[in-house]
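Trainee: Any chance you can model this:
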Amino acid sequence: MQSQDQDRPVRGREPADLLRALDQMVSDVESLAAGHRPFAELFDRNGLPPLWRREASFATLVRFVLEQQVSLASANAAFQRLEDRLSGVTPEGVLGSTDAEMKTDGFSRQKTEYVRGIAALIVSGEFDPADLPNDQGVVRERLLEIRGVGPWTASCYLLFVCGDRDTWPTGDRALHLSIATNLHLAEVPNRERADRIAAEWAPWRSTAARMLWHDYLGGPSYVATSGAGFIGGTGKVPL
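Mentor: Residues are numbered from 1 along each chain as shown. Modelled structure (predicted):
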C-alpha cells in the first residue's frame with residue numbers, strides 16, 4: 001500500500017518531481033485500464049500519455065487565459081508575440097504595455113483586462129502563483145476569485161502545475177470529441193454529460209484527461225512542440 005506522501009500530488013518540474021509524478025501517472029493509467037475498457041484500449045493503442053507540466057508562474061496563467069475558447073495555435077501566436085516584445089512575459093511588462101500594443105500582440109480587450117488584473121494582483125503581493133497551499137480545493141477557490149479565471153483555467157492550473165490527480169477540465173471541446181470517439185457515442189457530449197461521464201473515472205480524472213487528449217492529438221504520432229500551449233512539450237519524461 002502506498003503511503004500518504006506517495007499519493008500526494010507532486011508539484012514542480014525538477015527531474016525528481018517529474019519521475020515521482022510519472023510513477024503516479026503509471027499507477028493511475030493501470031487503475032483506469034483495469035476498471036474501464038476504453039482506457040484499456042487507449043493504453044494498448046497509445047501507451048502512456050505525455051506527462052505535460054507547466055511552471056507555477058504568471059506566464060502560465062497568461063497562456064491559460066489566452067487559450068480559453070480559441071485555438072491553441074491562435075493563443076500560442078499571441079503569447080509568442082507578447083513574449084518577443086517584452087523579452088519575457090512578466091507582470092510588470094504587461095502592466096507597462098499599452099492597449100494598442102496588447103491588441104497588436106493578439107489580445108482582445110477582455111483578455112487584456114484579465115491579464116492586467118492578474119498582473120496587478122501579483123505586483124501588489126495579493127497573489128503569488130508559485131506560493132499556493134497544498135489543499136487543492138483551496139487553490140481552486142483562490143484561482144476562481146480572480147477575474148478572468150474560470151473553471152477550465154483553474155482546472156488546468158491544478159492539473160498541469162499542481163499535479164492534481166483527480167481534476168477534470170470541464171468544458172474542454174477536445175476532451176468531448178475524444179470521449180465521443182473512444183466511448184463510441186452517437187453524439188459529442190455537452191459539458192454536463194461529459195462531466196457526468198468523467199465522474200465515473202474518479203479518482204484518476206487527470207490521467208483520464210491526459211489519455212483522451214493524447215489520443216485526440218494522434219497518440220503515438222503526436223510530436224511535442226516546445227511552447228505549443230498548455231499541452232506543449234515541456235515536462236515530458238522520456239521513457
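
Trainee: From the centroid of the chain, which residue is nearest?
Mentor: The centroid of the chain falls nearest to C156 when counting by C-alpha atoms, centre = their mean (3.1 Å).

Trainee: among the helices and strands of this structure, which has the poorest mean pLDDT?
Mentor: The helix or strand of the chain with the poorest confidence is helix 4-7; it has a mean of 59 (mean pLDDT, DSSP states H and E).

Trainee: Which helix or strand lies directly C-terminal to that one?
Mentor: Sequence-wise, the next helix or strand downstream of helix 4-7 (DSSP states H and E) is helix 15-35.

Trainee: Can you report how many residues lie near the nearest residue to Y216 once chain neighbours are set aside?
Mentor: Of all residues beyond its chain neighbours, the one nearest Y216 is S178 (4.3 Å), with distances taken as C-beta to C-beta, 6 or more residues apart in numbering. Using the backbone N, CA and C atoms, a C-beta is placed for each residue, glycine as well. Close neighbours of S178, defined as other C-beta atoms under 10 Å, add up to 24.

Trainee: Mind giving me the packing neighbours of the helix or strand hosting S178?
Mentor: Using DSSP H and E, the element containing S178 is helix 173-182. On a contact count with 3 or more C-beta pairs under 8 Å, 6 or more residues apart in numbering; DSSP states H and E, helix 173-182 meets helix 37-46, helix 191-199, helix 205-216.

Trainee: quick one: the residue nearest to the centre of the chain and F64 touch, right?
Mentor: Yes. Counting by C-beta atoms under 8 Å, C156 does reach F64; the two are 5.3 Å apart.
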